[in-house]
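Student: okay, here's the prediction I keep looking at, along with the sequence it came from:
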Amino acid sequence: MHIVGYLAALGFGFAAIGSGIGVGIIVGKTIESVARQPELQGRLTSLMFLGIALTEALCFIAIAIGFIPFPSP
Amino acid sequence: MPVAAASGFEPPTIADFFPDVVLFAGTPFAMNRVMLIRVLVIVLLAIWLWFGTRSLKLVPGRGQVMTEFLLNFVRNNIAIETLGEEDGRRWMPVIMTMFFLTLGMNLTGVVPGLQIAGTAVIGLPLVLAIIAWVLFIYAGFRKLGWTYLKNALFLPGVPWPLYFLLTPLELLSTFIVRPITLTMRLLMNMVSGHLLLALVYAASSFFLFTLLPQGNLFGLIGVGTVAFGIVYLAFELFVAALQAYVFAFLTAIYIQLAVAEEH
């Protein structure tokens, strides 16, 4: 069988596993905390976005690496 | 795949972000479509924020409510909430600038006819990230002097042999990785957003206007891609606002970490 495609796409897929799990944990924990203490929702939401932003940055670096032109051997 | 092999389907490429020069060709001020969009956004932002805040009324109209909501949001929920009352008011102007600039530039990615975000080419995110980088280092030195470097590089309460391991890591994560991730987060959000939107549009046009008139029933997939395109457009709108919020918020957080007495 012959498969044609970008190896960078595969790399992005692997990177997405990690940040997907990370973002899932962050959002899940935030929902849990809001369920316990609904009055903290505003503060927790901004913390959640901070955590998501830091976590998914790795994913976006993985997208960027696909666009770096490598010298052909 | 027989479907993709048929002619007429043009997937978006990375060349979308580097269109042909249209103005001042040959000079150092050569401008292409993306730069014209940036100029347009800056002019619109200046007009909106100038005339939107000139004649404020006690009973606000619809435009004033929106302007005041956004300005209040950045001042209270980003600047003052992270930095505190005094520092928040001091750093508010630059955080406000970053928020509105990224918001305006991101939103052009979903405007029909413009269809590319001003932040989707590396120049603008890089400049904004460098400004944020210079700002938090300046804020730290201004508040603490050289103890800022000591605070940032040598974590308190750690046995001293660990500094051989921790100090290079802190140096890397604070002064090198922060500007890179700030740039990449904004840039790649907009790049991938544009590529996906353009892919959905191209696929819809191919399915509905090339395949379906030929009597190929695979063309009905186009209905699905149009529906996905509408959902994704709304998602892009959300991402544009979220990334502007995140960029301004992270800048504020970095400044706050720099001016904190100890952490």
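Tutor: On my side now, so go ahead.
Student: for residue B:112, phi and psi?
Tutor: With angles defined as degrees, to the nearest 10, residue B:112 sits at phi -60, psi 140.
Student: from residue B:201, how far off is it?
Tutor: Applying C-beta to C-beta, to the nearest Å, the value for residue B:112 to residue B:201 is 10 Å. From N, CA and C alone the C-beta is placed, and that goes for glycine too.
Student: who has more neighbours out of those two?
Tutor: Ranked by neighbour count (other C-beta atoms under 10 Å in any protein chain shown), residue B:112 and residue B:201 place residue B:201 first, with 17 against 6.
Student: give me the neighbour count for the residue nearest to the more buried one when sequence neighbours are not counted.
Tutor: Nearest residue to residue B:201, sequence neighbours excluded (C-beta to C-beta, 6 or more residues apart in numbering or on different chains): residue B:229, at 6.4 Å. Using other C-beta under 10 Å, residue B:229 has 18 neighbouring residues.
Student: and residue B:229, what does it touch?
Tutor: B:197, B:200-201, B:204 (C-beta atoms under 8 Å, 6 or more residues apart in numbering or on different chains).
Student: what about it, helix or strand, and which?
Tutor: Element membership of residue B:229, judged by DSSP states H and E, is helix B:221-259.
Student: of all the residues in that helix, which ones are buried?
Tutor: B:221-222, B:225-226, B:229, B:232-233, B:236, B:239-259 (16 or more other C-beta atoms under 10 Å in any protein chain shown).
Student: please apply the same query to stretch B:136-149.
Tutor: B:136-137, B:139-140, B:144, B:148-149.
Student: ok, of those residues, which one's closest to residue B:54?
Tutor: residue B:139 (31.6 Å; C-beta to C-beta).
Student: what ranges do the helices span in the stretch 101-250 of chain B?
Tutor: B:123-144, B:147-153, B:163-171, B:178-206, B:221-259 (DSSP state H, counting those that start in this stretch).
Student: can you put those in a markdown table and add distance to residue B:74 and mean pLDDT?
Tutor: Below are the helices of the stretch 101-250 of chain B laid out as a markdown table (distance: least, C-beta to C-beta, whole Å; pLDDT from 0 to 100):
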| stretch | distance to residue B:74 | mean pLDDT |
| --- | --- | --- |
| helix B:123-144 | 15 | 93 |
| helix B:147-153 | 26 | 85 |
| helix B:163-171 | 30 | 89 |
| helix B:178-206 | 17 | 91 |
| helix B:221-259 | 6 | 92 |
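Student: closest one to residue B:12 among those helices?
Tutor: helix B:178-206 (3.6 Å).
Student: for the residue in chain A that chain B sits nearest to, give me the pLDDT.
Tutor: Distances between chain A and chain B by C-beta to the nearest C-beta are smallest at residue A:60, namely 3.6 Å. pLDDT, residue A:60: 86.
Student: do I have it right that it meets residue B:193?
Tutor: No. Counting by C-beta atoms under 8 Å, residue A:60 stays clear of residue B:193, with 11.1 Å between them.
Student: near chain B, which residues of chain A?
Tutor: Contact residues (C-beta under 8 Å from any C-beta of the partner chain) of chain A with chain B: A:42, A:46, A:49-50, A:53-54, A:56-57, A:60-61, A:63-64, A:67.
Student: filter those to the buried ones?
Tutor: The buried subset of the residues of chain A next to chain B (16+ other C-beta under 10 Å) comprises A:46, A:49-50, A:53-54, A:56-57, A:60-61, A:63-64.
Student: and stretch B:134-154, how far apart are its ends?
Tutor: Criterion C-alpha to C-alpha, to the nearest Å; first-to-last residue distance in stretch B:134-154 is 20 Å.
Student: contacts for it?
Tutor: So stretch B:134-154 is contacted by B:91, B:94, B:163, B:166-167, B:170-171, B:174-175, B:251, B:254-255, B:257-263 (C-beta under 8 Å, 6+ apart).
Student: what's the longest helix in chain A?
Tutor: Ranked by residue count, the top helix of chain A under DSSP state H comes out as helix A:7-36.
Student: which strands or helices does the next helix or strand after that helix pack on?
Tutor: Scanning forward in sequence from helix A:7-36 by DSSP H and E, the next helix or strand is helix A:41-66. With contacts defined as 3 or more C-beta pairs under 8 Å, 6 or more residues apart in numbering or on different chains; DSSP states H and E, the packing partners of helix A:41-66 are helix A:7-36, helix B:178-206, helix B:221-259.
Student: for chain A, what's its nearest residue on chain B.
Tutor: In chain B, the residue that lies nearest chain A is residue B:188 (3.6 Å; C-beta to the nearest C-beta).
Student: contacts only, for that residue.
Tutor: By C-beta under 8 Å, 6+ apart, the contact set of residue B:188 is A:60-61, A:63-64.
Student: and with 7 Å instead?
Tutor: Neighbouring residues of residue B:188 by C-beta atoms under 7 Å, 6 or more residues apart in numbering or on different chains: A:60, A:63-64.
Student: show me what counts as buried in the host helix or strand of residue B:69.
Tutor: Taking DSSP H and E as the criterion, residue B:69 maps to helix B:62-72. For helix B:62-72, the neighbour count (16+ other C-beta under 10 Å) marks B:67, B:70-71 as buried.
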